[in-house]
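K.L.:
what's the 3D shape of this:
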Amino acid sequence: MRYLITLLFALATLTGCSQDSSNEPPPTISDNSKMYFPTNSTAWETQNISSLNWNTNALSDLKIFLQNKNSKSFMILVNGRIVVEEYFNGHSATTPWYWASAGKTLTATLTGIAQQEGLLNINNKVSQYLGTGWTSEPLDKENLITCKHLLTMTSGLDDATDAVDPASLLYKADAGTRWAYHNVYVKLQEVIANASKKTWVEYFNSKLRDKIGMDGTWLTIGNNEVYSSTTRSMARFGLLALNKGNWNGLQIVNEAYFNEATSTSQNINLSYGYLWWLNGKTSYHLPQSQLQFNGSLIPSAPSDMYMALGKNDQKIYVIPNRKMVVIRMGESADNVNMALSTFDNELWQKINALNN
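P.N.:
As a prediction, this is how the structure comes out:
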């Protein structure tokens with residue numbers, strides 16, 4: 001499966017976080033143990049790294065590592081508050097950057113929202129929403145493919161190309177019998193648009209982006225719809241994910257669906273949910289391969305972590321037991337065009353050093 005497609009540290013505060021660029025005074029922190037959600041303004045509560053009893057000496061090593069690994073931005077949230085916020089290589093808090101395949105989780109989330117609104121059912125066949133002939137498969141095989149198969153990468157369609165026009169969507173195996181990382185998941189955006197009678201962008205903006213105060217736009221790159229936003233907007237989505245679809249008391253996507261999305265979704269690739277990657281499982285598959293690998297995806301990372309991973313090391317790591325969200329945007333860390341690489345394990349070794 002083929003994937004989608006500047007040296008300056010940003011000024012840091014004494015807390016290890018970038019200062020708010022607005023004229024607003026910082027909000028008063030009353031209880032750092034309570035979950036915090038930023039308002040739609042530019043203000044965002046911060047927390048001093050030393051108040052967490054973290055190793056402040058390890059922060060410098062982490063920042064050097066990130067800069068040397070072609071990073072553009074990095075954030076750590078704990079209970080929703082910014083503990084670390086750094087920008088590198090000419091990037092800034094107001095510069096947008098593409099999410100690449102990390103944005104697949106946005107599509108998964110919108111699918112859940114559309115389902116709870118009664119617009120679709122993920123167990124229904126895709127042709128119910130797109131009509132027959134959306135693939136080049138025989139009709140009986142096409143009718144096996146449900147929306148859930150697109151969410152779980154088990155459509156059975158040939159993954160030899162990124163293209164999603166009918167002529168390129170060819171039979172490889174019966175739906176549900178083969179896991180293969182495939183761009184065909186974008187058909188869910190068409191499903192949602194048809195079911196809602198809105199454009200994909202209209203539905204996304206009104207049901208998710210605007211409700212949690214994200215910025216950003218969808219860009220068409222090749223055969224893909226790719227989201228681009230600031231780092232803080234990516235962090236907002238990570239915070240929503242940490243809280244299982246809830247934003248400061250408003251349930252954007254229901255918790256039951258979100259729990260399904262961040263759990264093993266089929267029995268072939270145990271480390272995959274609904275377009276989310278899952279750490280801590282006993283085995284995993286990777287894109288462009290039918291091989292099964294034993295062990296956890298990122299051995300040095302927490303076992304309860306679920307992840308949005310994109311080309312050139314775009315990362316959203318969500319760690320429920322630590323009430324933590326970690327964001328990394330940038331160029332490929334090691335000139336490897338994989339959503340997952342050895343960079344993940346090395347990065348988590350640096351993050352873990354903060355806690356020692």
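K.L.:
Could I get the full set of strands for the stretch 151-300 of the chain?
P.N.:
217-221, 224-229, 246-247, 250-251, 277-278, 283-284, 293-294 (DSSP state E, counting those that start in this stretch).
K.L.:
Name the stretch among those strands that sits most buried.
P.N.:
Compared across these, strand 277-278 shows the largest average neighbour count, a mean of 24 (mean count of other C-beta atoms under 10 Å). Using the backbone N, CA and C atoms, a C-beta is placed for each residue, glycine as well.
K.L.:
picking up where we left off before, now tabulate the strands of the stretch 151-300 of the chain in JSON lines and tack on distance to residue 69 and mean pLDDT.
P.N.:
Output for those, formatted as JSON lines (distance: least, C-beta to C-beta, whole Å; pLDDT from 0 to 100):
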{"stretch": "strand 217-221", "distance to residue 69": "23", "mean pLDDT": "90"}
{"stretch": "strand 224-229", "distance to residue 69": "21", "mean pLDDT": "92"}
{"stretch": "strand 246-247", "distance to residue 69": "31", "mean pLDDT": "98"}
{"stretch": "strand 250-251", "distance to residue 69": "36", "mean pLDDT": "98"}
{"stretch": "strand 277-278", "distance to residue 69": "20", "mean pLDDT": "98"}
{"stretch": "strand 283-284", "distance to residue 69": "23", "mean pLDDT": "96"}
{"stretch": "strand 293-294", "distance to residue 69": "23", "mean pLDDT": "96"}
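K.L.:
Quick one: the ones you listed as JSON lines, columns for distance to residue 47 too.
P.N.:
As requested, those are exported to JSON lines (distance: least, C-beta to C-beta, whole Å):
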{"stretch": "strand 217-221", "distance to residue 47": "31"}
{"stretch": "strand 224-229", "distance to residue 47": "23"}
{"stretch": "strand 246-247", "distance to residue 47": "20"}
{"stretch": "strand 250-251", "distance to residue 47": "24"}
{"stretch": "strand 277-278", "distance to residue 47": "27"}
{"stretch": "strand 283-284", "distance to residue 47": "33"}
{"stretch": "strand 293-294", "distance to residue 47": "37"}
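K.L.:
Nearest to residue 80, out of those?
P.N.:
strand 246-247 (10.3 Å; C-beta to C-beta).
K.L.:
Name every strand pairing with the closest one and say which way it goes.
P.N.:
Strand pairing for strand 246-247, determined by DSSP bridges: strand 250-251 (antiparallel).
K.L.:
outside of the strand it pairs with, which residues touch it?
P.N.:
211, 245 (C-beta atoms under 8 Å, 6 or more residues apart in numbering).
K.L.:
Provide a list of residues in contact with the residue positioned nearest the centre of the chain.
P.N.:
The centroid of the chain falls nearest to residue 308 when counting by C-alpha atoms, centre = their mean (2.8 Å). With contact taken as C-beta under 8 Å, 6+ apart, residue 308 is in contact with 99, 101-105, 238, 241, 276-277, 314-316.
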